[in-house]
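>>> Here is my input; please provide its structure:
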Amino acid sequence: SMALLWVLERLSPEERAAFLMRQVFDQDYSEIAALLGKTEAACRQMVHRASDRVQQERPRFDVAPDAHRDLLERFAQASRTGQRDAIRALLADDAQLVGDGGGKVLSFTRIIQDAGQITKIYCELVRAMGDVRYVHARVNG
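Numbers count the residues shown, from 1 in each chain. Here you go, the predicted model:
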């Protein structure tokens, strides 16, 4: 599952949807077009481009290591101190929280599309967990 996520990270959300519907679920381009609100030709091109991107050895976005580290450190600091405003400032306005308990544990039943609500939920979860430590580590590159 990590490998699939790593590959799909290279695609935009629409490309990801079109690619998966075609390559994994073998849906016709007419069905994909109807679901995405695009023409069949646009969907064919989208799947073609997605296939090309999947073959490439680079992520969709390049983030400078210093900028990445700075963002992580700001998040960890805001989380450690419980600064809700600082945590909220780190989230995009269109951030979404999608829960997935894997069918084994309870999770959110709907997508939460409000950055303020996401911040509140995060802070409440951290408070409920008690002593949380943030450790900077490089995992899977």
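>>> Tell me where this protein has helices.
2-8, 13-19, 29-36, 40-55, 65-81, 84-90, 115-129 (DSSP state H).
>>> what would these look like in JSON lines with mean pLDDT?
Formatted as JSON lines, these follow (pLDDT from 0 to 100):
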{"stretch": "helix 2-8", "mean pLDDT": "74"}
{"stretch": "helix 13-19", "mean pLDDT": "89"}
{"stretch": "helix 29-36", "mean pLDDT": "93"}
{"stretch": "helix 40-55", "mean pLDDT": "91"}
{"stretch": "helix 65-81", "mean pLDDT": "88"}
{"stretch": "helix 84-90", "mean pLDDT": "93"}
{"stretch": "helix 115-129", "mean pLDDT": "90"}
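>>> which of these sits most buried?
Comparing these by mean neighbour count (mean count of other C-beta atoms under 10 Å), helix 13-19 ranks first with a mean of 18. Where you see a C-beta, it was placed from the backbone N, CA and C, and this is true even at glycine.
>>> Mind giving me the packing neighbours of that helix?
helix 29-36, helix 40-55 (3 or more C-beta pairs under 8 Å, 6 or more residues apart in numbering; DSSP states H and E).
>>> circling back to that earlier point, in JSON lines: the helices of the chain, plus distance to residue 139.
Output for those, formatted as JSON lines (distance: least, C-beta to C-beta, whole Å):
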{"stretch": "helix 2-8", "distance to residue 139": "10"}
{"stretch": "helix 13-19", "distance to residue 139": "22"}
{"stretch": "helix 29-36", "distance to residue 139": "33"}
{"stretch": "helix 40-55", "distance to residue 139": "22"}
{"stretch": "helix 65-81", "distance to residue 139": "12"}
{"stretch": "helix 84-90", "distance to residue 139": "20"}
{"stretch": "helix 115-129", "distance to residue 139": "20"}
